[in-house]
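Colleague: Attaching a predicted model along with its sequence, questions to come.
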Amino acid sequence: MKYKFVRDIVLCLVASFALFSCHQKRELRKREIVRDVKQLGEVIQEQIGERLSYTADNKALEDKVPVHSVPALQYFYELAANQAKWSVDGQLLPAADSMLYFIDHADEVGLPAGIYHRSALDSAMQQLHAATGSDRDAALLAEVDVMMTDAFMKMATHLRYGIAPRDSITLRPDSVMTDTTLVQLLTTALKDNNISGTFHQLEPAYAGYHSLKAALLNFKAKYQSLHWDSLPTAYVDTPAFKQLVLNRLVQTGHVDTSNGHGADTALLREGVKAFQHEFNLFEDGLAGKKTVQVMNKSFHDWMIQAAVNLDRWRKWPDSLPHRYIFVNIPGYHMMVWDSDQVILDSRVIVGAPRTRTPLLNSRLSNFVMYPYWRVPFSISIKEMLPAIQKDPHYLAKKNLEVIDRDGNAVNPDSVPWKKFSKNYFPYVLRQMDGLENSLGIMKFNFFNKYAVYLHDTNNRGLFRNAYRAMSHGCVRIQQWDSLAMYLIKDDKRFKRDSVRAWLDKGQKKQIDLSKGIPIYLRYYTAEGRDGQMMFYEDIYGEDKIMKKLMAL
């Protein structure tokens, strides 16, 4: 029993010593001054080796910021025999200055500087610049070297693929760079002293990305140094509230009161309109609830919104077809791209938040003139059945047919409407073609599991609305006729004059395209146009999800 007791004590002491030794091994030397520059390289090698061991144990560097890839760091420094790659004889190389510049300006490409060791590197730079004489801190130089290497690998990956993971509609087949690729990229960039060129080559080549990036830079230059007060969220039509709004508009340059007239109602109204115009709001000149909400957003909020959308661009593949249809859901517009040019830009109406237009990729295959509208089951039972049960003339007013399971039209007077509910409705409602049809006079079909499509509408006045998220999921397009004419412009089977004649006569026709055109329904709440930011309302709350995925 005594022997067992002594043995247990010994084992505990050995285990404790082992744990203490491991803990000691993970501790980094924070400072190691080297006076002889000939010895500096060797000491930095040791320091880099210690940091690689620390990183392997902790998956983070000494600033507690997680590293991108421990194997990639180890492989890079294994090829370099743990020698410093961002400095020579204690002096930082020009490539280090470039790397620091990109970290300090990461927000201009929609990336958060903090994850690239910005705080630790800024502190290290101050210490290096403050150093005098021939003394060199090998520990500090090693810390800077490993952090810059990790920062490069992270930023290269994020510029190429974005921070958020791929989603169900992402077209890019690959999602990460291999460790070998990252090491080769950094090795070449350092050899050629071309950090900037390497990063720029990794960014998307699309005009939409670069126009957003350029507009963001202008926005930052305009608003970064400004400060503005928050307004009360509850609108009150009082002189005191109007004065607060006026002060807020002066702070961001939307109103100039340097010549007086501070209490001028007309001046205030024009200032509100100027703000509403810039931030894509309905220009009524009134500081209502939505306008005040936008006025209360901070500079950081706007930068994050732009960052989310730059990240969305990074989910696209390296190239797209030479022609395609692009619908931006929160922007309420559709563009037809052909040979890198926008040849058609149309306002659209999209799904309401409760009946969203889905994000998808497909191919438009045909369009139908004077289509029937087969009412979706959900609309039939949720909206139309209660209306029919209340009003026996509802079907006639809406030009609706009742179709049985065999596809035959039945007399609505013979249908026991009171017996039906959401659990039992054995009919299909179909709206007849014509000008009063909810689909208008043209429908554009593309395969998708959501049964949505593009179409005209019988309520075209809605395109004048600023808020246009009001459909059941399909996309209503204002320029439906221009889209139809574009789709058949090179099709010898259908002349434009013939199609227009059919439209004039009200003839029901289906035009099958000889070559389908790709269509992408996407979600962008920020765009760049002519150097200016265009912000859109996050109607479906998708930005909130992206912010969490990007840890913004």
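Modeller: Done, it's in. Residues are numbered from 1 along each chain as shown.

Colleague: just the strands in the stretch 451-552 of the chain please.
Modeller: Ranges of strands in the stretch 451-552 of the chain, per DSSP state E, counting those that start in this stretch, are 454-455, 469-471, 475-477, 509-522, 526-529, 532-535.

Colleague: Using CSV, lay out those strands together with mean pLDDT, distance to Phe76 and mean neighbour count.
Modeller: (Glycine included, C-beta is placed from N, CA and C.) CSV is the format used below for these (pLDDT from 0 to 100; distance: least, Cβ to Cβ, whole Å; neighbours: other Cβ atoms under 10 Å):
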stretch, mean pLDDT, distance to Phe76, mean neighbour count
strand 454-455, 97, 50, 25
strand 469-471, 96, 48, 19
strand 475-477, 98, 48, 24
strand 509-522, 95, 36, 17
strand 526-529, 97, 35, 20
strand 532-535, 97, 38, 20
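
Colleague: For Phe219, find the nearest of those.
Modeller: Phe219 lies closest to strand 532-535 among the strands of the stretch 451-552 of the chain, at 4.6 Å (Cβ to Cβ).

Colleague: other SSEs contacting that closest one?
Modeller: On a contact count with 3 or more Cβ pairs under 8 Å, 6 or more residues apart in numbering; DSSP states H and E, strand 532-535 meets helix 207-223, helix 299-313, strand 526-529.

Colleague: which outside residues touch stretch 192-203?
Modeller: Outside stretch 192-203, the residues that touch it by Cβ atoms under 8 Å, 6 or more residues apart in numbering are 93-95, 98-99, 102, 109, 152, 155-156, 159-160, 185, 188-189, 209-210, 213, 314.

Colleague: Buried ones among these?
Modeller: 93, 95, 98-99, 102, 109, 152, 155-156, 159-160, 185, 189, 209, 213, 314 (16 or more other Cβ atoms under 10 Å).

Colleague: Specify which member of these is nearest to Pro358.
Modeller: For the buried ones among the contacts of stretch 192-203, the nearest to Pro358 is Arg314 (21.3 Å; Cβ to Cβ).

Colleague: Please point out which parts of stretch 536-550 sit buried.
Modeller: Neighbour-count burial for stretch 536-550, counted by 16+ other Cβ under 10 Å, picks out 536-540, 542-543, 546, 550.

Colleague: Name the nearest of the residues you listed relative to Lys85.
Modeller: Using Cβ to Cβ, Met550 comes nearest to Lys85 of the buried residues of stretch 536-550, at 28.9 Å.

Colleague: Tell me the predicted confidence for the closest one.
Modeller: We have a pLDDT of 94 for Met550.

Colleague: quick revisit: kindly reformat the helices and strands packed on strand 532-535 as a markdown table and extend each row with distance to Ile517.
Modeller: Formatted as a markdown table, the helices and strands packed on strand 532-535 follow (distance: least, Cβ to Cβ, whole Å):
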| stretch | distance to Ile517 |
| --- | --- |
| helix 207-223 | 18 |
| helix 299-313 | 21 |
| strand 526-529 | 22 |
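
Colleague: Over to Ile48: give its phi and psi.
Modeller: Note on Ile48: its backbone torsions stand at phi -60, psi -40 [degrees, to the nearest 10].

Colleague: Could you tell me which residues make contact with it?
Modeller: 77, 82-84, 142, 145-146.

Colleague: if you set the cut-off to 7 Å instead, what comes out?
Modeller: Counting by Cβ atoms under 7 Å, 6 or more residues apart in numbering, Ile48 makes contact with 77, 82, 142, 145-146.

Colleague: Output the below-cut-off pLDDT ranges for the chain.
Modeller: Scanning the chain for pLDDT under 70 picks out 1-26, 133, 260-263, 434-436.

Colleague: what about 80?
Modeller: 1-30, 131-135, 173-176, 234-236, 258-264, 432-437 (pLDDT under 80).

Colleague: ok, back up a step: out of the strands of the stretch 451-552 of the chain, which comes closest to Gln305?
Modeller: Nearest to Gln305, of all the strands of the stretch 451-552 of the chain, is strand 526-529, at 5.3 Å by Cβ to Cβ.

Colleague: Run the chain-centre distance for the closest one.
Modeller: Remark: strand 526-529 is offset 12 Å from the chain centroid, using Cα atoms, centre = their mean, to the nearest Å.

Colleague: cool, and stretch 514-532?
Modeller: 13 Å.

Colleague: cool, stretch 406-420 as well?
Modeller: How far stretch 406-420 lies from its chain's middle: 47 Å, per Cα atoms, centre = their mean.

Colleague: Compute the inter-axis angle for whichever strand or helix holds Glu270 and helix 207-223.
Modeller: Secondary structure assignment for Glu270, by DSSP states H and E: helix 265-278. Relative orientation of helix 265-278 versus helix 207-223 (axes from the mean of the first three to the mean of the last three Cα atoms, to 10 degrees): 150 degrees.

Colleague: How far off centre is the following helix or strand past helix 265-278?
Modeller: Using DSSP H and E, the next helix or strand after helix 265-278 towards the C-terminus is helix 289-295. Centroid separation between helix 289-295 and its chain, computed with Cα atoms, centre = their mean, is 22 Å.

Colleague: Now do helix 289-295: everything it contacts.
Modeller: For helix 289-295, the external contacting residues (Cβ under 7 Å, 6+ apart) are 231, 233, 235, 248, 272, 275-276, 279, 281.

Colleague: Show me what counts as buried in stretch 375-395.
Modeller: 375-376, 379-381, 384-385, 388, 394-395.

Colleague: Figure out the length between the terminal residues of it.
Modeller: With Cα to Cα, to the nearest Å as the measure, stretch 375-395 spans 12 Å from end to end.

Colleague: Would you pull up how far it lies from the middle of the chain?
Modeller: The chain centre lies 38 Å from the centre of stretch 375-395; the measure is Cα atoms, centre = their mean.

Colleague: For Val452, give its distance to Leu400.
Modeller: Computed as Cβ to Cβ, to the nearest Å, the Val452 to Leu400 distance reads 20 Å.

Colleague: The two: which has the busier surroundings?
Modeller: Of the pair Val452 and Leu400, Val452 is the one with more neighbours under other Cβ atoms under 10 Å, namely 24 against 19.

Colleague: how about that one, what does it touch?
Modeller: Contacts of Val452 (Cβ under 7 Å, 6+ apart): 357-358, 473-474.

Colleague: Of the residues you listed, grab the buried ones for PyMOL.
Modeller: To isolate the buried members of these in PyMOL, using 16+ other Cβ under 10 Å:
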select buried, resi 357+473+474
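
Colleague: Among the buried ones among the contacts of stretch 192-203, which one lies nearest to Leu364?
Modeller: Leu364 has its nearest neighbour among the buried ones among the contacts of stretch 192-203 in Tyr209, at 24.2 Å by Cβ to Cβ.

Colleague: Render the CA-only coordinates of the helix or strand containing Asp97 in PDB, please.
Modeller: Assigned by DSSP H and E, Asp97 falls within helix 94-104. The C-alpha coordinates for helix 94-104 follow below in PDB (Å, rounded to 0.1, in the frame of the first residue of the first chain):
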ATOM      1  CA  PRO A  94       9.300  47.300 -49.500                       C
ATOM      2  CA  ALA A  95       6.900  44.400 -49.700                       C
ATOM      3  CA  ALA A  96       6.200  44.800 -46.000                       C
ATOM      4  CA  ASP A  97       5.200  48.400 -46.600                       C
ATOM      5  CA  SER A  98       2.800  47.200 -49.300                       C
ATOM      6  CA  MET A  99       1.400  44.600 -47.000                       C
ATOM      7  CA  LEU A 100       0.800  47.100 -44.200                       C
ATOM      8  CA  TYR A 101      -0.900  49.400 -46.700                       C
ATOM      9  CA  PHE A 102      -3.400  46.800 -47.800                       C
ATOM     10  CA  ILE A 103      -4.100  45.900 -44.200                       C
ATOM     11  CA  ASP A 104      -4.700  49.500 -43.200                       C
END
